[in-house]
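Asker: predicted model follows, preceded by the sequence.
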Amino acid sequence: MSELKSESKHMHWSEWLAQRVISEKKEPYVISGGMTTSGPSHLGTLCEFLFPSVIRDAIRKHGKDCKYYFVADILDAFDSVPLAMEKYHSVLEPHLGKPLCVVPDPTGQSKSFGDHYLDEARSLMTKFNVHPQIIRINEYYESGKFDDWAKFYLENEAQTRSIVEETSGKAEKKDWSPIQPICQQCGKIATTRVTSHTIDAYAYSCDRDVKYTKGCGYVGQNKISDHKYKLVWRLHWPAWKQIFGTSIEGAGIDHHTKGGSEDTCCHITKDLMKKEYHIPYRYGFILFQGKKYSKSKGIGMGVSDMVKLLPIEVIKYMLVRPDLEENIDIDPNSENLLKTIEDFEASAKLDPSKLDSMNRSDQKKAIAFGISADNKTAWKVGFLDFLLYYQLYRNWDEVAKYTGDPQGAAYLRPYVEEWIARDFQPEDYKFKYAPNPSEMVKKFVSTLNSSMDGLAIHNAVYDFAKANGIEGRAMFIDIYRSLIAKDKGPRAGKLIAALGVDRLKKDLGI
Ligand SMILES: [Zn+2]
């Protein structure tokens, strides 16, 4: 896959992929992608639709158009009840093995179970400003768009099968077929097998045991034109690329390993269909504390939680900054999320016109900031400062006034409030202002004046401690105990400056 690596160190992966599309493919350009919506969206899901969108934007910056199709694979079998739906287990269980698009949504919100999670993904796409044409793939099957490919595979079954076996590295069962019938009696797709076929019709038995469900025993037949089937994944994938006219499509590294479906897709396209292959690209895993995210097991903070804690552009920044094939390991504790916000804030200060003079790390930051935030930031003062000022004043008008950034305050308000409501602040920022000063702290504060900033106050603490024969560290502890009833806290100079020297004097009765 070395040809997929970036040649230019200045270039974001979306840009070098866009350049490949423009130089190697003919218009109209099409990027496609897809996923099975069988559980709640997580950060990995987000990349599935975010990355193609970023590549499309890069193509558009060259003045070219690019269509973006996003496949919702809701004809796939419903194979497990996700943790998030555990309370509906008894309602859902009888539907195991059926296509996701016919399983009812137990919450009653969406057309089907598969649509429930598709609708969730759809609203996330809107939040992230991602606008693909979403294809409910069952509609494509129902309207016959896959029929010609189904007949093609049936007609060339022996060769199809041998490509699948060679590329996957494993022998298929005797009754392997390109087609997965949907049982007319029980409606399941997971439990059927084709027993004989012609080019455009097939007989099947619904008698497979797939551990999580069993077939009903029905024996029947159908024509391809009845549209009661789906192609198996390794054949479905290359077929959709022909149907959409895909120029470029990516997949996770799991599809790109030896024996993965990318290899099958490539050989089916070139050797069997005799078609030109699209540009493939692969991306790393999004890991949660070193583990793969899992829809069904509920591992990992859901995106719906993440968007309450971080502005959209910060999440986007976090996902597009790393190299494409790098695994992104996210441990969403407060320190790490704060680091991400501060990193984003630092990237806003880089001048994107001076990439040449930056080191590689700053280049990546500056480019990622351009992609995720369009080189604009909605706040000027740091997130941590808003957190500090809000802890002190508990009033957004005052926060706006004292930070001097009313727009930033209004923008970050829901996030700051969420951090506090969840007790998600870093340890040093968990406090209540409760003045109860020692005599020494009173004496110290009386030496301050309102023109001093955080740094000047910080230095004054050391000077005062030295002049009074106290250890610096002991003086800081005394200040924290006097103001917030703790031994530690935000930087003392910053804390006092945020409180305001005049207000502090008044509160301490000086
Ligand atoms: Zn059946």
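Answerer: That came through, no problem. Computed from a predicted structure; not experimentally measured.
Asker: mind jotting down where the strands sit in this protein?
Answerer: Applying DSSP state E to the chain gives strands spanning 29-35, 66-72, 133-136, 179-181, 192-197, 201-206, 219-223, 229-231, 248-252, 279-283, 286-288, 291-292, 328-330.
Asker: how about TSV for the ones you listed, with distance to the ion and mean neighbour count added?
Answerer: Just so you know, the C-beta spots here come from the backbone N, C-alpha and C atoms, and that holds for glycine as well. Putting the strands of the chain into TSV (distance: least, C-beta to the ion, whole Å; neighbours: other C-beta atoms under 10 Å) gives the following:
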stretch	distance to the ion	mean neighbour count
strand 29-35	27	23
strand 66-72	24	22
strand 133-136	23	17
strand 179-181	9	23
strand 192-197	7	18
strand 201-206	3	20
strand 219-223	9	15
strand 229-231	14	23
strand 248-252	32	22
strand 279-283	37	20
strand 286-288	37	20
strand 291-292	33	14
strand 328-330	42	19
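Asker: let's have the ones you listed in JSON lines, adding mean pLDDT.
Answerer: What follows is the strands of the chain, written out as JSON lines (pLDDT from 0 to 100):
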{"stretch": "strand 29-35", "mean pLDDT": "97"}
{"stretch": "strand 66-72", "mean pLDDT": "98"}
{"stretch": "strand 133-136", "mean pLDDT": "98"}
{"stretch": "strand 179-181", "mean pLDDT": "98"}
{"stretch": "strand 192-197", "mean pLDDT": "97"}
{"stretch": "strand 201-206", "mean pLDDT": "98"}
{"stretch": "strand 219-223", "mean pLDDT": "97"}
{"stretch": "strand 229-231", "mean pLDDT": "98"}
{"stretch": "strand 248-252", "mean pLDDT": "95"}
{"stretch": "strand 279-283", "mean pLDDT": "96"}
{"stretch": "strand 286-288", "mean pLDDT": "82"}
{"stretch": "strand 291-292", "mean pLDDT": "76"}
{"stretch": "strand 328-330", "mean pLDDT": "85"}
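Asker: in JSON lines, list the ones you listed along with distance to residue 390.
Answerer: Output for those, formatted as JSON lines (distance: least, C-beta to C-beta, whole Å):
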{"stretch": "strand 29-35", "distance to residue 390": "38"}
{"stretch": "strand 66-72", "distance to residue 390": "39"}
{"stretch": "strand 133-136", "distance to residue 390": "39"}
{"stretch": "strand 179-181", "distance to residue 390": "55"}
{"stretch": "strand 192-197", "distance to residue 390": "59"}
{"stretch": "strand 201-206", "distance to residue 390": "60"}
{"stretch": "strand 219-223", "distance to residue 390": "63"}
{"stretch": "strand 229-231", "distance to residue 390": "52"}
{"stretch": "strand 248-252", "distance to residue 390": "39"}
{"stretch": "strand 279-283", "distance to residue 390": "37"}
{"stretch": "strand 286-288", "distance to residue 390": "29"}
{"stretch": "strand 291-292", "distance to residue 390": "34"}
{"stretch": "strand 328-330", "distance to residue 390": "26"}
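Asker: my guess is residue 180 contacts residue 234. True?
Answerer: No. With contact defined as C-beta atoms under 8 Å, residue 180 does not count as touching residue 234 (11.6 Å).
Asker: for burial, what's the neighbour tally of residue 210?
Answerer: 14 (other C-beta atoms under 10 Å).
Asker: in contact with it, which residues?
Answerer: By C-beta atoms under 8 Å, 6 or more residues apart in numbering, residue 210 lies in contact with 79, 97, 190-191.
Asker: nearest to the ion among these?
Answerer: residue 191 (6.0 Å; C-beta to the ion).
Asker: not counting sequence-adjacent ones, nearest residue to that closest one?
Answerer: Computed as C-beta to C-beta, 6 or more residues apart in numbering, the closest residue to residue 191 that is not its neighbour in sequence is residue 215, at 3.4 Å.
Asker: mind giving me the domain ranges of the protein?
Answerer: Domain assignment for the chain by automatic domain parsing gives 179-231, 329-429, 439-507.
Asker: and for residue 172, the neighbour number?
Answerer: Residue 172 sits with 13 neighbouring residues when counted by other C-beta under 10 Å.
Asker: for the chain, what lies in contact range of the ion?
Answerer: The chain comes close to the ion at residues 183, 185-186, 206, 216, 218, as judged by C-beta under 5 Å from the ion.
Asker: using TSV, lay out the contacts of residue 210 together with neighbour count, pLDDT and distance to residue 457.
Answerer: Below are these laid out as TSV (neighbours: other C-beta atoms under 10 Å; pLDDT from 0 to 100; distance: C-beta to C-beta, whole Å):
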residue	neighbour count	pLDDT	distance to residue 457
79	16	96	61
97	25	98	68
190	23	98	67
191	25	98	72
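Asker: nearest to residue 16, of the residues you listed?
Answerer: Closest approach to residue 16 among these (C-beta to C-beta): residue 79, at 37.2 Å.
Asker: isn't that closest one right up against residue 191?
Answerer: No. Between residue 79 and residue 191 there is no contact under C-beta under 8 Å: 11.2 Å.
Asker: looks like residue 96 contacts residue 215 (just checking).
Answerer: No. The pair residue 96 and residue 215 does not pass the contact test of C-beta under 8 Å, sitting 11.9 Å apart.
Asker: what about the helices in the stretch 401-510 of the chain?
Answerer: Applying DSSP state H, counting those that start in this stretch to the stretch 401-510 of the chain gives helices spanning 406-421, 439-446, 454-467, 472-484, 492-499, 501-507.
Asker: nope, the stretch 101-250 of the chain is what I was after
Answerer: Counting by DSSP H, counting those that start in this stretch, the stretch 101-250 of the chain has helices at residues 113-127, 137-142, 147-155, 157-168, 233-244.
Asker: next, the angle from the third one to helix 157-168.
Answerer: Pointing back at helix 147-155 there. Helix 147-155 and helix 157-168 are oriented at 90 degrees to each other (axes from the mean of the first three to the mean of the last three C-alpha atoms, to 10 degrees).
Asker: got it, and the longest one?
Answerer: Using the same axes, to 10 degrees, the inter-axis angle of helix 113-127 relative to helix 157-168 is 60 degrees.
Asker: so which bits of helix 113-127 are buried?
Answerer: Residues of helix 113-127 classed as buried by neighbour count (16 or more other C-beta atoms under 10 Å): 113-122, 124-125.
Asker: Serialize those to CSV and add fields for pLDDT.
Answerer: CSV is the format used below for those (pLDDT from 0 to 100):
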residue, pLDDT
113, 98
114, 98
115, 98
116, 98
117, 96
118, 97
119, 97
120, 94
121, 94
122, 96
124, 93
125, 96
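Asker: cheers, nothing more for now.
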